[in-house]
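Please work out how this folds:
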Amino acid sequence: MYEIITKSENETRAIAEKLGSMLSAGDILCIFGNLGTGKTVFASGVSKGLGIAEHISSPTFTIVNEYMGKLPLYHFHAYRINSNEFLDIGGDEYIYGEGVTLIEWPENITDVLPPEKLEIHIDYDSEVIENRKISLNPLGHKYEKLTQNFLEEIK
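The predicted structure is shown next:
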């Protein structure tokens with residue numbers, strides 16, 4: 001697990017933008033975190049890195065929002081669904097599609113997600129509440145390499 005501390009929403013968004021610019025078709029990002037920790041802020045940075053100009057919002061009630069940039073972004077919000085519901089709406093088709101899949105609240109559907117993915121855990125910094133601790137857990141060689149390249153870029 002690799003950790004990054006950001007000190008503002010803008011810094012969180014900028015870090016995510018850099019990551020977004022490094023993503024490729026088929027990449028899967030799973031974002032974990034409590035309410036208000038910045039999952040959607042992170043998603044908006046990823047979208048900007050993918051060249052998406054429109055405003056990103058949390059797909060709380062629609063479950064998935066699709067955005068077009070240099071690659072499609074499939075932004076899922078799995079807070080209110082389970083694995084069967086995810087599959088019923090074609091979630092697996094998105095995951096194995098031509099875009100980047102970003103899932104908020106992936107803990108509700110882990111049993112249907114591929115074993116290789118990049119887990120991103122966002123938490124409040126225990127010392128300064130405005131800061132965020134972003135932990136990257138790459139699962140699989142592809143995501144280990146992506147994470148190493150990303151960390152080199154943000155040094």
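
For L29, identify the helix or strand it belongs to.
Per DSSP states H and E, L29 falls inside strand 28-32.

name the helices or strands packed onto that strand?
Helices and strands touching strand 28-32, by 3 or more C-beta pairs under 8 Å, 6 or more residues apart in numbering; DSSP states H and E, are helix 39-49, strand 100-104, strand 117-124. Any C-beta I mention is one placed from the backbone N, CA and C, and that applies to glycine too.

From the chain's centre, how far out is the shortest one? Work that out for me.
Centroid separation between strand 100-104 and its chain, computed with C-alpha atoms, centre = their mean, to the nearest Å, is 5 Å.

Next, the angle strand 117-124 makes with that strand.
Strand 100-104 and strand 117-124 meet at an angle of 40 degrees, taking axes from the mean of the first three to the mean of the last three C-alpha atoms, to 10 degrees as the criterion.

one step back: which of the helices and strands packed on strand 28-32 sits most buried?
strand 100-104 (a mean of 27; mean count of other C-beta atoms under 10 Å).

That one - contacts with which helices or strands?
Packing partners of strand 100-104 (3+ C-beta pairs under 8 Å, 6+ apart): strand 28-32, helix 39-49, strand 72-77.

To I15, which of those lies closest?
Closest to I15 of the helices and strands packed on strand 100-104 is helix 39-49 (C-beta to C-beta; 6.7 Å).

rewinding a little: nearest to N131, out of the helices and strands packed on strand 100-104?
helix 39-49 (13.0 Å).
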